[in-house]
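Colleague: sequence and predicted structure, then a few things I'm wondering about:
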Amino acid sequence: MKPSSPYNQFILSPAYGKDYKNESDAIEAYKSGTDFINETQHFTGGGTYISIRDITPPHGVQIRYNRRQKVAFLSTEKV
C-alpha cells in the first residue's frame with residue numbers, strides 16, 4: 001500500500017553494506033529494528049542512520065532492496 005503524500009514518507013536503504021534479496025526480508029529487518037540509511041531529503045538532511053524506533057506515525061516508509069532496484073512500501077500505522 002502506497003502512502004498518499006510523498007512529504008510524509010521516508011526513503012530507506014540498507015545500512016552497513018547490507019542488501020535484501022526480497023521484500024519480505026527487507027520488511028522483516030525494518031520491523032526488527034535494523035539500521036537503514038535515511039535517503040529522505042525533506043527536512044531531515046538525508047544520509048543519516050535510522051530505524052523503526054525513529055519514525056513516528058503517520059509516516060510512510062519506502063524500503064529499497066535488491067541492489068536498490070526494488071521498493072517495498074509500508075505505513076507506520078500498520079507496523
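Modeller: In hand now; what should we look at?
Colleague: off-centre distance for stretch 29-42?
Modeller: Computed by C-alpha atoms, centre = their mean, to the nearest Å, the chain-centroid distance of stretch 29-42 equals 4 Å.
Colleague: let me fix that: stretch 8-24
Modeller: 6 Å.
Colleague: what does it rub up against?
Modeller: Stretch 8-24 is contacted from outside by 3, 26, 29-30, 34-40, 44, 49-50, 55, 58-68, 70, 72, using C-beta atoms under 8 Å, 6 or more residues apart in numbering. For every residue, glycine as well, the C-beta is placed using N, CA and C.
Colleague: give me phi/psi at Arg67?
Modeller: With angles defined as degrees, to the nearest 10, Arg67 sits at phi 60, psi 30.
Colleague: relative to Thr34, how far out is it?
Modeller: 17 Å (C-beta to C-beta, to the nearest Å).
Colleague: returning to what we had before: of the contacts of stretch 8-24, buried ones?
Modeller: By neighbour count, with 16 or more other C-beta atoms under 10 Å, the contacts of stretch 8-24 hold 3, 26, 29-30, 34-40, 50, 55, 59-65, 72 as buried.
Colleague: A strand includes Ile63, no?
Modeller: Yes: the assignment for Ile63 (DSSP: H, G, I helix; E, B strand; the rest coil) places it in a strand.
Colleague: if we can go back for a sec, what about the buried ones among the contacts of stretch 8-24, which are in strands?
Modeller: Counting by DSSP state E, the part of those found in strands is 36-38, 50, 60-65, 72.
Colleague: in the residues you listed, find the pair that's most separated.
Modeller: Ile37 and Gly60 (16.9 Å; C-beta to C-beta).
Colleague: got the buried residues for stretch 20-31?
Modeller: Buried residues in stretch 20-31, counted by 16+ other C-beta under 10 Å: 20, 25-27, 29-30.
Colleague: no further queries at this time; thank you.
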